[in-house]
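J.: take this sequence and fold it.
(chains A, B, C and D)
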Number of protein chains: 2
Amino acid sequence: MNLDEAKKEFIAAWGSFGSKWGINRTMAQIHALLMVSHYPLNADDVMELLNVSRGNTNMNIRELINWGLVDRVIISGERKEFFTAEKDIWKVAKTIMRERKRRELEPLIDFLKDLKVNEDMQNEEVKTFNETIKGIKELSEQAGKTIDTIIKSDEHWFWNAFLKIMR
Amino acid sequence: MNLDEAKKEFIAAWGSFGSKWGINRTMAQIHALLMVSHYPLNADDVMELLNVSRGNTNMNIRELINWGLVDRVIISGERKEFFTAEKDIWKVAKTIMRERKRRELEPLIDFLKDLKVNEDMQNEEVKTFNETIKGIKELSEQAGKTIDTIIKSDEHWFWNAFLKIMR
DNA sequence: TTTTATTTTCAAAAAAAACTGAAAAATTTA
DNA sequence: TAAATTTTTCAGTTTTTTTTGAAAATAAAA
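T.: Numbers count the residues shown, from 1 in each chain, chains lettered A, B, ... in the order given. Next up is the predicted model:
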């Protein structure tokens, strides 16, 4: 397989994988394109390579920047803005975990904190409900702590430690 | 807050949380409804409680059964089928991890195995590309192994072991 | 300042996903 | 067996999400 074919396939696969996890296809494809691009690209490059409009390109790049997955790059002598993405997948994974925690897990935990039935608390059904919610809240909190630990950790340290425990 | 209000809020929240992770809202809501229901429910119950059509109810329940998140229950004397969902969130989480691994992670790993540029392999750009892909493949494999370990493990053993390592 | 280049916005269009409801199929009871 | 009930299917509809493209805003150059 040659480089261009391989890149194309990777971009398509990353787009389809992302869309199964609630990330829109174009955003995932732009991310993939920048991850495998040796040089920073500008908006026109992205438009041409992925066949998407200027507006779409602009909005999804901005969103990727908000996620911390893409950075603006200044190239001297160039008037247009250029963009790059981190290539170290471990760092990428940490960024995604941090953001999903902040955007989705933490709001869920806050919501669950206030969700308790105070009436008729000796009723079996009420007890079960409160326990189910408590279980979800605790699992979410534990997941949040785990993410924090992973984010702070060095890749090799983390996996080695994990494998040791798991043995 | 009373039980019915709390259930309603939980169902709405679970639906919205699910849809951020690529699960359709109704499917997540049916799952939530069954998780907090003290008794098995039939299709008519679900239709009425969530205000959705019979077809929608049927398809999403089937999908939840495919995921292993909902079970059919036979109630003697009843002609209709009834449904329940596991209430232990740890078991639920393990089921979801196992299924997402099987449906999404493993296909990605298989795809990445075949994705290698063999032409011009001393070229810097080709080298970088192959390394990026290799990194993604290795992280995915590691994630897969971690999921396998979690699935096999007992909840308390897992968290205790994890906390010990992480300290 | 004016002109040119670039980026951003957003209403409208297109595409994708989800949902409905009634007919068909399957199952159970009589 | 036929009748009654329940479940499933899926073409058509609705809703939601994504995308376009042109105008407006911004920034840089002349």
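J.: can you show me the strands along chain A?
T.: Assigned by DSSP state E, the strands in chain A fall at A:41-42, A:70-73, A:82-85.
J.: out of those strands, flag the one nearest DNA strand D.
T.: For DNA strand D, the closest of the strands of chain A is strand A:70-73, at 11.8 Å, according to C-beta to the nearest atom of the strand. C-beta coordinates here come from the backbone N, C-alpha and C atoms, glycine included.
J.: hmm, the closest one in reach of DNA strand D?
T.: No. Judged by C-beta under 7 Å from any atom of the strand, strand A:70-73 stays clear of DNA strand D, getting no closer than 11.8 Å.
J.: residue contacts, the spatially closest residue to A:Trp14 that is not a sequence neighbour?
T.: The shortest distance from A:Trp14 to any non-neighbouring residue, by C-beta to C-beta, 6 or more residues apart in numbering or on different chains, is to A:Ala32 (3.6 Å). Going by C-beta atoms under 8 Å, 6 or more residues apart in numbering or on different chains, A:Ala32 touches A:10-11, A:13-15.
J.: for those residues, which two are the farthest from each other?
T.: Spatial extent of the contacts of A:Ala32 (C-beta to C-beta) is set by the pair A:Phe10 and A:Gly15 at 9.6 Å.
J.: mind checking how far the lengthiest helix in chain A is from the chain centre?
T.: Secondary structure of chain A per DSSP state H: the longest helix is helix A:124-152. Taking C-alpha atoms, centre = their mean, to the nearest Å, one finds helix A:124-152 lying 21 Å from the centre of the chain it belongs to.
J.: returning to that earlier point: which one, of the strands of chain A, ends up nearest to DNA strand C?
T.: That would be strand A:41-42 among the strands of chain A, by C-beta to the nearest atom of the strand, at 5.9 Å.
J.: can you list the contacts of A:Ala32 in CSV and add pLDDT and neighbour count?
T.: Output for these, formatted as CSV (pLDDT from 0 to 100; neighbours: other C-beta atoms under 10 Å in any protein chain shown):
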residue, pLDDT, neighbour count
A:Phe10, 98, 22
A:Ile11, 98, 21
A:Ala13, 98, 19
A:Trp14, 98, 22
A:Gly15, 98, 21
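J.: just the ones of the residues you listed in helices?
T.: Within those, residues falling in helices by DSSP H are A:10-11, A:13-15.
J.: can you list the residues of chain A near DNA strand C?
T.: A:19, A:42-44, A:54-55, A:58-59, A:61-62, A:79-81.
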